[in-house]
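**Q** model the following, please.
(2 chains)
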Amino acid sequence: MSDGMIILFSLTVLLGGVGGAAVMTWWERRLLGIWQDRYGPNRLGPFGIMQVAADMLKLLTKDDWVPPFADKVVFIFAPTAIVMAMMLGFAVVPFGPGLQIIDMNIGLLFFLGMTSLAVYSVLLGGLASNNKYALLGGLRSAAQMVSYEVFMGLSLMGVVMLSGSFNLRVIVESQADGWYCISQFLGLFVFTVSGIAESHRLPFDLPEAEHELTAGFHTEYGGMKFAMFMLGEYLGLILISSMIVTLFFGGWLGPWLPPVVWFGIKTFIVICFFILLRAAIPRPRYDQLMSLGWKIMLPLTLVNLVVTGAVALWLSGASGGAA
Amino acid sequence: MLELVLFYTASTIALVATILALTRANATHALIYLILSLLAVAVIFYIIGAPFAAALEVVIYAGAIMVLFIFVIMMLNLGDKGDRREKQLLKPQIWITPVIFTLVLLVELVLVLSQSAPAEIQGLVTPKQVGLTLFGPYVLAVEIASMLLLAGLVGSYHLGRRYLEEGRENSSRGRS
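**A** Reported below is the predicted structural model:
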C-alpha cells in the first residue's frame, strides 16, 4: 500500500472501531434482552438502532464536571489512556491479506503491550477520583489485570511456537492447514478467560461491581469522560475478539467469501459469544477470581506450554530424521 | 534523517520526563512521568533496531512493574500528608551533594564516550536472535536469574504464609 492508502485505511479502521463500539452498545442490550426474555431498546428507528444516536446525544450534552476534590489533570487524562491504547492495538490486526496498518514482526508483543498499558486508565481514574469506592475499584483492577496478564501472554506462546513467529500475518498464514483452536484449545480457553478479565467485562467486572462499590473506578465520572471509558471497554472487546479470531480461528482464511468478510463474520460471532457469557455467568467473588487465576489458569497454561513444546520438538525431530 | 529526528525527539522526552519524575512532590504524578520516560526509551530501542527489547520495555516495565508501584501508592493512600513530606525532602540544600557527585560522573562518562568509537547500529535484532543468544552462550546467566527469582518467590510465599496462618487462627477464634 502507498502512504496515502495507509493513512486512508487507518482512518477507516479508527472510524470503524468507534462506530462498531457505538453500535455494539445497542446490539449488546438487544441480545441481552432476548436472552433474558425481554425486548431491550426497540423504540427508536428500525429494531431500535437509533438508540445509539440518542445515547450519544445525551452523553455529549451532559454537564462535563470535574469534582473539586479530584486530581484534575490525571482525572481528565485517565479515560483517554484506554481509548488510545486500544486504538493503537488495532494497528497490528490483519483484517485481510495486505489489509494491515503495520506489518510488524513483533505484532503479538505490540498487542500485549497495548493491553497492559490500558490498565493505567482504570488505575489512574480510581486514584485521581479521591473517593474510597473508586480507589477500591482501582486497587482490584490493578491486582486482577497484573495477574491475568501473566498467563494471557503465556497462553499465546503455544501459538507462537507452532507458527514460529510473533508476526500476526505469518500466524494467520500458517493456519492454512488447520486452525490453532484445535491444537491449542487450552491456550484458547485461557486466552478467552484472561481476555474477559483484561477488558474487565462481566462476569469479571469486579473493578466496577455496582452492588459493592457503587460503580467502582468510574463512580465520579460523567458525560463525555464516562463515555470514553465505555468506548475504551467496547473497543477492547472488539480488539480481543479480533485477536482470538486471528490467533485461533484462522483470521481471514475461509472459502468462497472475500477474506475481510470472513474476518468480520468470525469476529462478530466471537463478540456475540462474549455477550452470551455476560448473560449466562454470575460475577465471582474477588478471592474466587484470584484463586481461579493462580491455581487453575496458570498451571493449565504451563501444561499447555510444556506439551506444545515437547510435541513441536518431537515432530521436528521426526521430520528431520525422515529427511 | 527522519530516524534522527525521531531519535532526538524521543531522547528529549525521556530526559525531560525523567527530570520531572524526580522533582514532582506528588508521587502519582512522578510515576506517570516515569512511565512516559520508559515509553520514550522503548521508542528509542525500536528506532535503533531492537524491536524485541522495545516490546519488553513496554510489556514488563511500563505495563507491569509500574502498575505495581501505583498499586503500592494506592494501598498507602498518603494524600496531602505525603506531598508535604516529599516537599520537605525536595529542599535545595539536600540536593547539593548528589548533584556534585552526579556532575563528576557525567564528566567521566563524557570523557569515556568521547575516547571510544561510537557503537555502530548492527541492523535489526529479531526476537529469534535474542532467544538464541539467551539460551545459547548466555544460558548460565538465564539459569542464575531464574534461580534468583525462584528464591524470591519462595521467600515471599514464606513471609505471606505467616499472615495467612495468623488470619486463620483469628477467624477460628472469632467463630468459637
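**Q** what about the residue in the stretch 201-323 of chain A that chain B sits nearest to, distance to A:M157?
**A** Residue nearest to chain B within the stretch 201-323 of chain A: A:F217 (11.0 Å; CB to the nearest CB). Quick note: C-beta positions are derived from backbone N, CA and C, even for glycine. Distance, A:F217 to A:M157, using CB to CB, to the nearest Å: 31 Å.
**Q** quick one, which of these two is more surrounded?
**A** A:F217 (31 against 18; other CB atoms under 10 Å in any protein chain shown).
**Q** so how far is A:H200 from that one?
**A** Taking CB to CB as the measure, A:F217 falls 9 Å from A:H200.
**Q** measure stretch A:168-184 end to end?
**A** Across stretch A:168-184, the terminal residues are separated by 16 Å (CA to CA, to the nearest Å).
**Q** neighbouring contacts of it?
**A** With CB atoms under 8 Å, 6 or more residues apart in numbering or on different chains as the test, stretch A:168-184 has contacts from A:92-94, A:100, A:103, A:107-108, A:111, A:158-160, A:162-165, A:187-188, A:246-253, A:304, A:308.
**Q** which of those residues fall in helices?
**A** Within the contacts of stretch A:168-184, membership in helices is found for A:107-108, A:111, A:158-160, A:162-163, A:187-188, A:246-248, A:304, A:308, as judged by DSSP state H.
**Q** A:L213: which of these is nearest?
**A** Comparing those against A:L213 with CB to CB picks out A:F111 as the nearest, at 29.3 Å.
**Q** pull the CA atoms of the helix or strand encompassing B:A40 into PDB?
**A** Here B:A40, judged by DSSP states H and E, is contained in helix B:27-47. Taking C-alpha atoms only, helix B:27-47 is exported to PDB below (Å, rounded to 0.1, in the frame of the first residue of the first chain):
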ATOM      1  CA  ALA B  27       4.000  10.500  43.900                       C
ATOM      2  CA  THR B  28       1.300   9.700  41.300                       C
ATOM      3  CA  HIS B  29       2.500  12.500  39.000                       C
ATOM      4  CA  ALA B  30       6.100  11.400  39.400                       C
ATOM      5  CA  LEU B  31       5.200   7.800  38.400                       C
ATOM      6  CA  ILE B  32       3.200   9.000  35.400                       C
ATOM      7  CA  TYR B  33       6.300  10.900  34.200                       C
ATOM      8  CA  LEU B  34       8.400   7.800  34.900                       C
ATOM      9  CA  ILE B  35       6.100   5.700  32.700                       C
ATOM     10  CA  LEU B  36       6.300   8.300  30.000                       C
ATOM     11  CA  SER B  37      10.100   8.100  30.200                       C
ATOM     12  CA  LEU B  38      10.000   4.300  29.900                       C
ATOM     13  CA  LEU B  39       7.800   4.500  26.800                       C
ATOM     14  CA  ALA B  40      10.200   7.000  25.300                       C
ATOM     15  CA  VAL B  41      13.100   4.600  25.900                       C
ATOM     16  CA  ALA B  42      11.000   1.900  24.200                       C
ATOM     17  CA  VAL B  43      10.700   4.100  21.200                       C
ATOM     18  CA  ILE B  44      14.500   4.600  21.200                       C
ATOM     19  CA  PHE B  45      15.000   0.800  21.300                       C
ATOM     20  CA  TYR B  46      12.700   0.400  18.300                       C
ATOM     21  CA  ILE B  47      14.500   3.100  16.300                       C
END
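**Q** whether that helix contacts chain A - can you check?
**A** Yes - with CB under 8 Å from any CB of the partner chain as the measure, helix B:27-47 is seen reaching chain A through B:T28, B:H29, B:I32, B:I35.
**Q** against which helices or strands is that helix packed?
**A** Packed against helix B:27-47 by the contact rule (3 or more CB pairs under 8 Å, 6 or more residues apart in numbering or on different chains; DSSP states H and E) you find helix A:72-89, helix A:119-128, helix B:2-23, helix B:51-56, helix B:66-76.
**Q** would you mind saying which of these lies nearest A:L139?
**A** Of the helices and strands packed on helix B:27-47, nearest to A:L139 by CB to CB is helix B:66-76, at 5.3 Å.
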